[in-house]
Every structure is written in C-alpha cells, then in structure tokens.
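**Student:** Generate a structure from the sequence data that follows.
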Amino acid sequence: MLQQIIAHTPLYVWALLAFLLYRGVLACRDREVRIRNLFIIPAVMLYLSVSGIQQYFGGGATVWACWLAGAAAGVALAWRTNGGAVVFNRAAATVVQRGSWAPLLLMMGIFATKYTVAVLMGVHPAAAHDATIVAATCAIYGLFNGIFLGRLACYLAAWLRQPTSIAA
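**Tutor:** Below you'll find the model as predicted:
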C-alpha cells in the first residue's frame, strides 16, 4: 500500500519537498537575509496550511477556531523562545539570522501533515467529517503557522524598536 501511495503522488509534491528541504538546510547556518525575504517561508507555509484546510475541511467557524487556537499557541511559543538579540544592517535592510534546525523541522512538519491528510482523505474520505481529525489537523497547522509567524513578529518588533540612526 505504501508503494502505491508513493507511486501515485504527483511530481509537484516531490518538487515542493525538495524546495522545503533546500530552504530548511539554508536555515541551518547563520546568514544575512533581506528583511522582505523573511516573509517568504511563513507565507509559503501559511498558503500550504490554508489550502489544505480549505480543500478538505471547508471554512467553517470551528475549523478556523481550531486553527486560530493553534496559531495563538505557536505565536506565544515563538515569542517566549526568541533566541536573544537580533542584528540588523539598516542601510542594506538586512538581518542576520542565526542558524537553526527548527525551520527545517517545522517545514517538514507541515509537509508531513499535509501529505498525511491527503493520503487519509484519499483512502478514507469520510474522515473529513470526523470532528477529532478536523480539530487536530487544523490546530496542528495553526501551531506550525503560529511559530513561523511568531518568529517573523519577533524580527519585525526588534527592527521597529531599533533606532534608525543605529546600523549594526
């Protein structure tokens, strides 16, 4: 059965996995990133989550409440575990990002969740109406998205707090 699942996975899914692995490996080392590029991965991950939720569960209030609860928890977690000082170069509009395995793990978490849900819905479509599966999936998506968005918020808050006359 696993062989059938993998064989019937569209090629674009493997291309997406390769892109996410590439971006995750990049995030494992310190690098200087343009401020606008900080939005790329959170936006891609948000799109993947929202598209998965819409595709299988629709847009009901309960679905979005579960996602929002997970996202709030993720933002709070990211905010509390923010890794210290952020170094900016205002003149170049860049930030030095510390290397971390966390983005790779989060991206793989969203990918695995989306892939698992797609397989589950393909094998057992009635699962889309199981309240436990819907709530858990939406909360997991929200948690992952919240961590990405919380990390982005930490960078932006630090950017806004820094006086414009200081260039690191």
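**Student:** in the lowest-mean-pLDDT helix or strand in the chain, what's buried?
**Tutor:** Lowest on mean pLDDT, DSSP states H and E among the helices and strands of the chain sits strand 87-89, with a mean of 81. Under the neighbour-count criterion of 16 or more other CB atoms under 10 Å, strand 87-89 has Phe88 buried. The way it works is simple: take the backbone N, C-alpha and C, and place the C-beta from them, glycine included.
**Student:** Give me the sheet partners of whichever helix or strand comes after it and which way each runs.
**Tutor:** Following strand 87-89 in sequence order, the next helix or strand is strand 94-97 (DSSP states H and E). With DSSP bridges as the test, strand 94-97 is paired with strand 31-34 (antiparallel), strand 87-89 (antiparallel).
**Student:** can I get the CA coordinates of strand 94-97 in PDB?
**Tutor:** Extracted in PDB, the C-alpha atoms of strand 94-97 (Å, rounded to 0.1, in the frame of the first residue of the first chain):
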ATOM      1  CA  THR A  94      19.100  43.000   6.200                       C
ATOM      2  CA  VAL A  95      19.000  40.900   9.300                       C
ATOM      3  CA  VAL A  96      21.500  38.300  10.500                       C
ATOM      4  CA  GLN A  97      19.600  35.100  11.100                       C
END
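**Student:** All the helices of the protein, in order from the start?
**Tutor:** 2-7, 11-26, 40-57, 61-80, 102-123, 131-161 (DSSP state H).
**Student:** Next, format those as a markdown table and append mean neighbour count, distance to Val33 and mean pLDDT.
**Tutor:** Converted to a markdown table, these look like this (neighbours: other CB atoms under 10 Å; distance: least, CB to CB, whole Å; pLDDT from 0 to 100):
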| stretch | mean neighbour count | distance to Val33 | mean pLDDT |
| --- | --- | --- | --- |
| helix 2-7 | 9 | 34 | 85 |
| helix 11-26 | 13 | 9 | 92 |
| helix 40-57 | 18 | 9 | 90 |
| helix 61-80 | 17 | 17 | 94 |
| helix 102-123 | 17 | 12 | 91 |
| helix 131-161 | 19 | 9 | 91 |
